[in-house]
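1. take this sequence and fold it.
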Amino acid sequence: MEYQEDMIIVELKDNLPFCQVNLKISNLINKSLCSDGSLIKIHERTGYKPYIFSSLTPIEKKDKVYHKNRIYRFKIRSYDESFLRNLNSILENMETEMMRVLAINFKKVVLRKIKRLKTYNPVIVTVDDGPWLLDRDDPSLLIRQLQANIEKKYQFFFDEKIITDNNFISSLIPLNEKPLALEYKGIKLLGNKFEFFISEDESSQKLANLALATGIGEKNSSLGAGFCVALK
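-> Residues are numbered from 1 along each chain as shown. All right, here's what the predicted structure looks like:
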């Protein structure tokens with residue numbers, strides 16, 4: 001399996017608080033999707049969307065504000081090359097009230113065996129109509145929820161039910177002590193960052209590859225939640 005990855009270079013038109021960054025990136029992508037007849041069908045359809053995006057870099061750690069007139073980067077990934085190339089043709093001239101696209105660099109990534117995944121954006125999982133919380137909920141419950149989610153996503157994209165003997169995540173390490181907030185439709189959604197250890201069997205590897213290409217957990221395309229990288 002392989003996926004495609006864009007590096008999007010943008011200039012900010014105003015100061016942007018840390019908790020709003022992913023929402024503003026989503027607005028930029030959604031505006032692009034709605035500007036094309038074929039892409040808007042993907043935007044409006046129910047179910048999963050075939051992409052995931054990162055947050056802005058370099059990270060503004062000192063004051064947690066991304067600054068007006070500065071240049072930043074973010075990534076978009078998809079297993080669907082045709083979709084991403086169509087999106088690029090619209091996105092390269094796009095701007096919103098917050099950011100302006102300056103350039104796009106496109107590449108293909110061939111996936112190898114994945115041993116670990118590290119999430120750069122918080123993972124959002126809903127349990128009993130509320131967020132999974134590190135200080136309250138069982139890690140095994142989180143693993144089961146993530147397994148169910150990625151299996152449904154695999155079947156949705158490839159019209160094939162994957163058969164698994166194991167959870168694709170064998171264990172995990174939390175990377176934050178307190179939940180992280182992302183703004184979404186007037187509320188703040190809570191999530192956590194993790195390092196996931198991946199099972200070695202073929203089905204688990206397929207699911208891990210899909211997680212890398214389209215995100216892990218919930219709100220992948222709407223907030224970039226669950227954007228991750230493979231560790232050696």
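
2. okay, the longest helix anywhere in the chain in CSV with CA atoms only?
-> Secondary structure of the chain per DSSP state H: the longest helix is helix 139-158. The C-alpha trace of helix 139-158 is given here as CSV (Å, rounded to 0.1, in the frame of the first residue of the first chain):
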residue,chain,number,x,y,z
PRO,A,139,-6.9,2.0,27.9
SER,A,140,-8.2,-1.4,26.7
LEU,A,141,-11.5,0.4,26.0
LEU,A,142,-9.7,3.0,23.9
ILE,A,143,-8.0,0.2,21.9
ARG,A,144,-11.3,-1.6,21.2
GLN,A,145,-12.9,1.6,20.1
LEU,A,146,-10.1,2.5,17.7
GLN,A,147,-10.1,-1.1,16.3
ALA,A,148,-13.9,-0.9,15.6
ASN,A,149,-13.5,2.5,14.0
ILE,A,150,-10.6,1.6,11.7
GLU,A,151,-12.3,-1.7,10.6
LYS,A,152,-15.4,0.2,9.6
LYS,A,153,-13.3,2.7,7.7
TYR,A,154,-11.5,-0.1,5.9
GLN,A,155,-14.7,-1.6,4.8
PHE,A,156,-16.1,1.8,3.7
PHE,A,157,-13.2,2.6,1.5
PHE,A,158,-12.4,-0.8,0.0
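
3. where's the residue lying farthest from the centre of the chain relative to residue 203, distance?
-> Most distant from the centre of the chain: residue 165, at 26.0 Å, with distances by C-alpha atoms, centre = their mean. Separation of residue 165 from residue 203 (C-beta to C-beta, to the nearest Å): 7 Å. C-betas here are computed from N, CA, C, even on glycine.

4. now this protein, which segments are flagged as low pLDDT?
-> Residue ranges of the chain with pLDDT under 70: 1.

5. try 80 this time
-> Along the chain, the model assigns pLDDT under 80 to residues 1, 111, 232.

6. which stretches in it count as strands?
-> 2-12, 16-17, 52-53, 65-66, 71-78, 99-110, 116-119, 126-127, 130-131, 169-174, 180-184, 187-191, 194-198, 228-231 (DSSP state E).

7. adding distance to residue 45 and mean neighbour count, write these out as TSV.
-> Below are the strands of the chain laid out as TSV (distance: least, C-beta to C-beta, whole Å; neighbours: other C-beta atoms under 10 Å):
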stretch	distance to residue 45	mean neighbour count
strand 2-12	20	19
strand 16-17	29	18
strand 52-53	17	26
strand 65-66	31	19
strand 71-78	15	20
strand 99-110	24	14
strand 116-119	26	19
strand 126-127	21	14
strand 130-131	26	16
strand 169-174	28	16
strand 180-184	20	19
strand 187-191	22	17
strand 194-198	29	21
strand 228-231	24	18
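
8. which one of the ones you listed lies nearest to residue 35?
-> Set against residue 35 and scored by C-beta to C-beta, these come closest in strand 99-110, at 12.5 Å.

9. and that closest one, how far from the chain's centre?
-> 16 Å (C-alpha atoms, centre = their mean, to the nearest Å).

10. what is that strand packed up against?
-> Helices and strands touching strand 99-110, as assessed by 3 or more C-beta pairs under 8 Å, 6 or more residues apart in numbering; DSSP states H and E, comprise strand 2-12, helix 21-33, helix 81-91.

11. okay if I get those as TSV plus distance to residue 195?
-> Below are the helices and strands packed on strand 99-110 laid out as TSV (distance: least, C-beta to C-beta, whole Å):
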stretch	distance to residue 195
strand 2-12	20
helix 21-33	20
helix 81-91	27
